[in-house]
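Asker: No letters, just coordinates:
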């Protein structure tokens, strides 16, 4: 119950806040309009006005513009400053970006413990990228005590939201039985979800599961299908296995020219073949077949962006 004489004074702070917020909101909207039209300098000025007025979204957008060098010179220190301002107001995207900068040592000292703190704040609000990165820190014991069960829990949350890399990490956990009971069928289920989103590592691993009949009936044709998807994205392991499938005629018609193509691309992508399959195959090719293969290699090199090797 209000005391006598207090009712009118209780409303003043609310009115005062509204009066302060309106100009910040106006500057933010003007900044957003300018940004959408590619006028980054105007957007920067307007976002700065709103950010100085305490608008968290403007602070976050300002941080992004400094990271990208839009409307100003690229400046990680300024970006980190504005991400922190927005993060302290509870903006999940800013908390994630601040965590990322702390983890990478951008715009300030590298501090994975601080990164974990901000990832957790964003993760607790449901940010899937923060959940994934927090899971990685727990998996590696970086900035937090190593705990694979906790890592799997965070991977699962992000995977359920459809984040492909989290789905891949969860599949690997099931595949290896790390932080969760080993389960080939669950591994296949999650590899497939990530693979269908285009994750090359998941496509390769799914191909391997079909190749070896783990969690699914052995199926050379399915193995070839998934190896090909990963190989065409530059995954050297998948390129090597696809080359072997062509060489042996497993799951696909035998084709030594195609076999050499993929084995050569795998070698160029960093795959170390202890059996020297590529050199052995080259000796079986006619001069014309070898010339055709080498031409194809050059054509594919121009298309491919090598994916990271799986260790």
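Answerer: Yes, it's here. Predicted model only: the values in this text are computed from it and were never measured.

Asker: Report the spatially nearest residue to residue 104, omitting neighbours in sequence.
Answerer: residue 110 (6.8 Å; CB to CB, 6 or more residues apart in numbering). In short, each C-beta sits where N, CA and C put it, glycine included.

Asker: With residue 240 as the reference, measure out to that neighbour.
Answerer: 35 Å (CB to CB, to the nearest Å).

Asker: Ok, residue 119 next?
Answerer: In terms of CB to CB, residue 119 sits 35 Å off from residue 240.

Asker: where in this structure is pLDDT low?
Answerer: Where the chain drops to pLDDT under 70, the residues are 1-24, 305-311.

Asker: Show me the strands in it, by range?
Answerer: Per DSSP state E, the chain carries no strands over any range.

Asker: how near is the residue most central in space within it to residue 43?
Answerer: In the chain, the C-alpha nearest the mean C-alpha coordinate belongs to residue 165, at 5.8 Å (CA atoms, centre = their mean). With distances taken as CB to CB, residue 165 is found 31 Å from residue 43.

Asker: ok, now residue 295?
Answerer: From residue 295 to residue 43 the distance is 48 Å (CB to CB).

Asker: In terms of neighbours, single out the busier of the two.
Answerer: Each of residue 295 and residue 43 has its neighbours counted (other CB atoms under 10 Å); residue 43 has more, 24 against 12.

Asker: Does that one touch residue 27 like I think?
Answerer: No. Between residue 43 and residue 27 there is no contact under CB atoms under 8 Å: 10.3 Å.

Asker: Nearest residue to residue 141 in space, ignoring adjacent ones along the chain?
Answerer: Leaving aside its sequence neighbours, residue 141 is closest to residue 147 (7.8 Å, by CB to CB, 6+ apart).

Asker: My error: substitute residue 97 in the last question.
Answerer: Excluding its sequence neighbours, the residue lying closest to residue 97 (CB to CB, 6+ apart) is residue 83, at 4.8 Å.

Asker: Next up, the contacts around that neighbour.
Answerer: By CB atoms under 8 Å, 6 or more residues apart in numbering, the contact list for residue 83 reads 59-60, 63, 94, 97-98, 101.

Asker: Counting neighbours, go ahead and name the busier of residue 119 and residue 240.
Answerer: Applying other CB under 10 Å to residue 119 and residue 240 shows that residue 119 carries more neighbours, namely 31 against 24.

Asker: these two touch, right, that one and residue 95?
Answerer: Yes. Counting by CB under 8 Å, residue 95 is a contact partner of residue 119 at 7.5 Å.

Asker: Go through the contacts of residue 83 and name the one nearest residue 76.
Answerer: Nearest to residue 76 among the contacts of residue 83 is residue 101, at 6.8 Å by CB to CB.

Asker: What is the neighbour count of residue 304?
Answerer: Residue 304 has 17 nearby residues by other CB under 10 Å.

Asker: show me the contacts for it.
Answerer: Here residue 304 is in contact with 232-234, 265, 269 (CB under 8 Å, 6+ apart).

Asker: top of those residues by neighbour count?
Answerer: Neighbour counts for those peak at residue 265, which has 25 neighbours (criterion: other CB under 10 Å).

Asker: mind checking how far the nearest residue to it once chain neighbours are set aside is from residue 214?
Answerer: Distances taken as CB to CB, 6+ apart put residue 239 closest to residue 265, at 4.8 Å, once the chain neighbours are dropped. Using CB to CB, one gets 21 Å for the distance from residue 239 to residue 214.

Asker: quick one, which of those two is more surrounded?
Answerer: Using other CB under 10 Å, the more surrounded residue of residue 239 and residue 214 is residue 239, with 31 against 14.

Asker: Mutual contacts of residue 119 and residue 95, please.
Answerer: Overlap of the contact sets of residue 119 and residue 95 (by CB under 8 Å, 6+ apart) consists of residue 130.

Asker: What residue spans form the domains of this protein?
Answerer: Here the domain assignment for the chain is 25-89, 198-311, based on automatic domain parsing.

Asker: Off-centre distance for the first one?
Answerer: Average the C-alpha atoms of domain 25-89, do the same for its chain, and the two points are 24 Å apart (CA atoms, centre = their mean, to the nearest Å).

Asker: cool, the last one as well?
Answerer: Per CA atoms, centre = their mean, the displacement of domain 198-311 from the mean C-alpha position of its chain is 24 Å.

Asker: how close does residue 209 sit to residue 177?
Answerer: Per CB to CB, residue 209 is found 15 Å from residue 177.
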